[in-house]
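Enquirer: okay, here's the prediction I keep looking at, along with the sequence it came from:
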Amino acid sequence: MRGTLEIPARGTLPTERETPTRRTRLGLLIATDGQPAADAAIVVGRSLANRDGEAHELVAVEELERFGGDDALATIQQRELHLRLARQRARTTNAAADSWPIAIAYGQPADTIVDLADQAHRRLIVMGLHVHSRTDRWLGRETVLQVARRATCPVLAVDSNRRTIPCRTLVAIDFSPSSIAAAREALRIVGGTGPVYLAYVAPRTYVPFAGDAQPTYEPDIETSLKDLRSSLGIPRHIDARTVVLRGDPAKELLAFAEQEGIELIATGSRGFSTFRGPVIGTVPTALVRAARCSVLVMPVI
């Protein structure tokens, strides 16, 4: 074990912080709360790092409450967190304990994870995807969404049932820079031959007395999708397909993912649609909350 690292709660960190560019980022930060539901993130994160020969680090985050100068509560929670992490490590790997690069961090979980990723210049954050109740949403306990909204690198939220690198992938394309970057990152992650679907969701519109308006619209979108597919430099062994859906973006993407057995949905954190105006986080939020597979969220670039 590398040792104990204590991160102060948000608001006590320096106000000026270097934001590393994508070019300087290397390796993966795998974040866990020490619970069994995060096992999948550890397994998939390590598999990705080992496959690509990348550095990786496991960090367990605990939010502590201190009373005055008494550190007794921190000591008790430190021990409990170490014990949970040790048990989790035993469940997920046969590697020797000293082969794990591990940090124990204390602070507000989402902010701490993002700060650690920036400080270590990590290119990808890997986390477990948990099911949250409405109470969790009201209390702001959706850590994956909080990290995705603040992170300056992509966030891979791994389905708790996943134990291998995802192959069947769906990328939500609205032609914004972040959605195109999400496609590139998804292609970097995907295992095997795919398939990888590049999907655009068109609004469900009805134009009275203009029956030829809709048929002339879709070919333009299909052409744009095919042009995008060509520009991505997709390896020949990956089966890349394009698809145009129609209706509410989140609902249509989730339904298509269920129908096709998708293992990973990739999306930009926000985008712009000609028909719907500015969209800030609504689609990725719905995907993270409702997807039955892993979700990759790419920040605005």
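Expert: Good, I have the coordinates.
Enquirer: separation between Pro249 and Phe256?
Expert: The gap separating Pro249 from Phe256 is 11 Å, by Cβ to Cβ, to the nearest Å. All C-beta spots, glycine's among them, are computed from the backbone N, C-alpha and C.
Enquirer: settle it for me: which of these two has more neighbours?
Expert: Applying other Cβ atoms under 10 Å to Pro249 and Phe256 shows that Pro249 carries more neighbours, namely 24 against 18.
Enquirer: how many other residues sit next to the residue nearest to that one when sequence neighbours are not counted?
Expert: Spatial nearest neighbour of Pro249, chain neighbours left out: Val201 (4.2 Å); criterion: Cβ to Cβ, 6 or more residues apart in numbering. Neighbour count of Val201, defined by other Cβ under 10 Å: 24.
Enquirer: what's the answer for Arg51, then?
Expert: For Arg51, the neighbour count with other Cβ under 10 Å is 11.
Enquirer: who's in contact with the residue nearest to Pro249?
Expert: 172, 174, 244-249, 252-253 (Cβ atoms under 8 Å, 6 or more residues apart in numbering).
Enquirer: repeat that with 7 Å
Expert: Applying Cβ atoms under 7 Å, 6 or more residues apart in numbering, we find Val201 in contact with 245-247, 249, 252-253.
Enquirer: now swap in Val43 and tell me
Expert: The contact partners of Val43, by Cβ under 7 Å, 6+ apart, come to 92, 163.
Enquirer: where's it, which helix or strand?
Expert: In this structure, Val43 sits in helix 39-52 according to DSSP states H and E.
Enquirer: give the buried residues for that helix.
Expert: 39-46, 48-49 (16 or more other Cβ atoms under 10 Å).
Enquirer: got these as a markdown table, with pLDDT and distance to Ala286 columns?
Expert: Shown next, in a markdown table, are the buried residues of helix 39-52 (pLDDT from 0 to 100; distance: Cβ to Cβ, whole Å):
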| residue | pLDDT | distance to Ala286 |
| --- | --- | --- |
| Asp39 | 89 | 25 |
| Ala40 | 92 | 21 |
| Ala41 | 93 | 21 |
| Ile42 | 91 | 26 |
| Val43 | 91 | 26 |
| Val44 | 95 | 23 |
| Gly45 | 94 | 24 |
| Arg46 | 90 | 29 |
| Leu48 | 96 | 25 |
| Ala49 | 93 | 29 |
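Enquirer: elements contacting the helix or strand following the helix holding Val43?
Expert: Per DSSP H and E, the first helix or strand lying C-terminal to helix 39-52 is strand 56-62. Counting contacts by 3 or more Cβ pairs under 7 Å, 6 or more residues apart in numbering; DSSP states H and E, strand 56-62 is packed against strand 28-32, helix 39-52, helix 72-92, strand 102-106, helix 109-119.
Enquirer: now the second one: how far from the chain's centre is it?
Expert: So the one you mean is helix 39-52. Averaging C-alpha positions (Cα atoms, centre = their mean, to the nearest Å) puts helix 39-52 14 Å from its chain's average.
Enquirer: Leu228: which element?
Expert: Assigned by DSSP H and E, Leu228 falls in helix 213-231.
Enquirer: show the contacting residues for the closest residue to Gln146 other than its chain neighbours.
Expert: Among residues not flanking Gln146 along the chain, Ala110 sits closest, at 3.4 Å (Cβ to Cβ, 6+ apart). Going by Cβ under 7 Å, 6+ apart, Ala110 touches 143, 146-147, 150.
Enquirer: hey, where'd the strands end up in the stretch 151-300 of the chain?
Expert: 155-159, 169-172, 196-202, 240-246, 264-268, 270-273, 277-280, 294-298 (DSSP state E, counting those that start in this stretch).
Enquirer: which neighbouring elements make contact with the fourth one?
Expert: Contacting strand 240-246 under the criterion 3+ Cβ pairs under 7 Å, 6+ apart are the following elements: strand 196-202, helix 213-231, helix 249-260.
Enquirer: strand partners of it, parallel vs antiparallel please.
Expert: Strand pairing for strand 240-246, determined by DSSP bridges: strand 196-202 (parallel).
Enquirer: what angle do the partner strand and strand 264-268 make?
Expert: 50 degrees (axes from the mean of the first three to the mean of the last three Cα atoms, to 10 degrees).
Enquirer: tell me the pLDDT at Arg184?
Expert: Arg184 carries a pLDDT score of 97 in this model.
Enquirer: pick out the shakiest of the helices and strands packed on strand 240-246, pLDDT-wise.
Expert: Across the helices and strands packed on strand 240-246, helix 213-231 gives the lowest mean pLDDT, at a mean of 80.
Enquirer: quick one: low-confidence parts of the stretch 51-200 of the chain?
Expert: Low-confidence segments of the stretch 51-200 of the chain, defined by pLDDT under 70: 64-78, 83, 86-87, 89-90, 93-101, 131-141.
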